[in-house]
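>>> Mind folding the following:
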Amino acid sequence: MQAPLCGTRRAFLRRALAATVVPMVIPARVWGANDRLNVAAIGAGGRGADDLEGFQGENIVALCDVDEARAAAPFARYPRAARYRDFRRMLDREKGVDAVIVATPDHTHAVATMAALQRGRHVYCEKPLTRTVVEARQVARAAREAKVATQMGNQGMAFEGNRLIKEWLADGAIGPVREVHVWSDRPTHRGRLPLWWAQGVERPSDTPPVPDTLDWDLWLGPAPWRPYHPAYVPFRWRGWWDFGSGGLGDMGIHNLAPVFDALKLGPPLRVHASSTPVYPESVPLACLVHYEFAARGNLPPVTVHWYDGGLLPPRPPELEPERELDPEDGILFVGERGKMLVEGWGGERPRLIPEARHREYRRPAPTLPRSPGHYEEFIRACKTGSPTASNFDFAGPLTEAVLLGMVAVRHGGTPLEWDPVNLRIPNEPEANRYLHYEYRPGWTL
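Just a heads-up that it's a prediction; the model follows:
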């Protein structure tokens, strides 16, 4: 593991704030109007198949997946693409690849992304950027050094609603913001069973045979070895500590991104969490996480509260009696002169409350550039060096903060003081063991 970044907290905060300005990328070659990217996908089945839809105008030249059955549809759809099980072999052999999609489970995001960055490839990585705090810092730094286009897969950063949130807050629509409530119902459905994936359970004890189509050792990648079980795959991995980070790692990235972007948040000062019972192997069913952030320039200190598993913030008195908070996803900005409620995931639909205030508000003229589309942002960045809204300079610090919330959940008890320069929790040394883990032999960043 590389040494932590050095410097002062103040210098780190300046860097974190500067990350909201996306640096220009130097394209590897000059692109003509009709030139197409050569794209490879790691984790071609599942979410990767959906991501490939966003690259339909480009050349899909190589597909990698450890499960032939899971990837059968994209393999059939792109018959000319070379097929692999091990992404390391693919990246070594496919010299003409321009951009790589990483859509594996969370625990292999970092090793796959780093392997692509080290070979000078542009990288689109699904969210969260990594599974551990240390990985997030390392990947963001490697991307900056590689000078390639990057984008994390939180599509909400391309929404019109995200631009409106920033423009309205900058316009002073609700005054300075000192408190924000953010939520998602995951892993439940609208706060009710059945679950999207299992959480708050013990590790299975039986050992069924591994399916013939699945390379279980490659699926585990850097994670500690354990016997195969269908409780983990496909997609059920998100509720297990070794592979994912529950509802916060899933939807927290989507719903906290507009807050971090609009309020120019860097690393938190401290994080405190409470939850349903925490199991050694799996994420609890529901949690409440509190993040405290310092003042940023002329922006005051702010506390951000996260709720999942069906938990919701207190109902704001400004909300009309006949209206309810969206039980699935939402954001509530609490300003000194009013409140803004954002319904839907990823910052979709902002409005001031009550409705009368929303109707009378004179909206400012647009000041921010609008997105051509989430995937189009990344494709253009690869070809021209134009910016992306969720490049790794933004995605890295956001992922660090989200995963610190899960460290606080896992550790429990005392609020965790965060030292972002040295990547340490000085007041609770025992909690530092959750910031990273030792990879299995053969796997490195």
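
>>> where do the strands sit along the protein?
Taking DSSP state E as the test, the strands found in the chain are 38-42, 59-64, 82-84, 99-102, 122-125, 150-152, 177-184, 270-275, 287-293, 302-307, 329-335, 338-343, 349-353, 416-417.

>>> helices or strands up against the shortest one?
Of the remaining helices and strands, those touching strand 416-417 by 3 or more C-beta pairs under 8 Å, 6 or more residues apart in numbering; DSSP states H and E are strand 270-275, helix 392-411. For the C-beta atoms, the positions are set from N, CA and C on the backbone; glycine is no exception.

>>> which residues of the stretch 151-300 of the chain score low on pLDDT?
Scanning the stretch 151-300 of the chain for pLDDT under 70 picks out no residues.

>>> ranges for the helices of it?
160-170, 216-220, 246-247, 253-263 (DSSP state H, counting those that start in this stretch).

>>> out of these, deepest packed?
When those are scored by mean count of other C-beta atoms under 10 Å, the highest mean neighbour count falls to helix 246-247 (a mean of 30).

>>> before we move on, the earlier item: looking at the helices and strands packed on strand 416-417, which is buried most?
Among the helices and strands packed on strand 416-417, helix 392-411 has the highest mean neighbour count (mean count of other C-beta under 10 Å), at a mean of 26.

>>> now that one against strand 302-307, angle please.
Here helix 392-411 runs at 60 degrees with respect to strand 302-307, directions being taken by axes from the mean of the first three to the mean of the last three C-alpha atoms, to 10 degrees.

>>> related to what we said a few turns ago, out of the helices and strands packed on strand 416-417, flag the one nearest residue 103.
Across the helices and strands packed on strand 416-417, residue 103 has its closest neighbour in helix 392-411 (14.7 Å, C-beta to C-beta).

>>> Reformat the strands of the chain as JSON lines; add distance to residue 111.
Conversion of the strands of the chain to JSON lines gives the following (distance: least, C-beta to C-beta, whole Å):
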{"stretch": "strand 38-42", "distance to residue 111": "10"}
{"stretch": "strand 59-64", "distance to residue 111": "13"}
{"stretch": "strand 82-84", "distance to residue 111": "15"}
{"stretch": "strand 99-102", "distance to residue 111": "10"}
{"stretch": "strand 122-125", "distance to residue 111": "11"}
{"stretch": "strand 150-152", "distance to residue 111": "16"}
{"stretch": "strand 177-184", "distance to residue 111": "27"}
{"stretch": "strand 270-275", "distance to residue 111": "26"}
{"stretch": "strand 287-293", "distance to residue 111": "27"}
{"stretch": "strand 302-307", "distance to residue 111": "27"}
{"stretch": "strand 329-335", "distance to residue 111": "30"}
{"stretch": "strand 338-343", "distance to residue 111": "34"}
{"stretch": "strand 349-353", "distance to residue 111": "37"}
{"stretch": "strand 416-417", "distance to residue 111": "26"}
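
>>> unless I'm mixing things up, residue 243 is touching residue 237, no?
Yes: when contacts are counted by C-beta atoms under 8 Å, residue 243 is listed as touching residue 237 (3.9 Å).

>>> returning to that earlier point: which stretch among the helices and strands packed on strand 416-417 comes nearest residue 194?
Of all the helices and strands packed on strand 416-417, the one in closest proximity to residue 194, counting by C-beta to C-beta, is strand 270-275 (20.1 Å).

>>> packing partners for the closest one?
strand 287-293, helix 392-411, strand 416-417.

>>> Check what pLDDT the residue nearest to residue 183 when sequence neighbours are not counted gets.
Nearest residue to residue 183, sequence neighbours excluded (C-beta to C-beta, 6 or more residues apart in numbering): residue 307, at 3.9 Å. The predicted structure scores residue 307 at 98 on the pLDDT scale.
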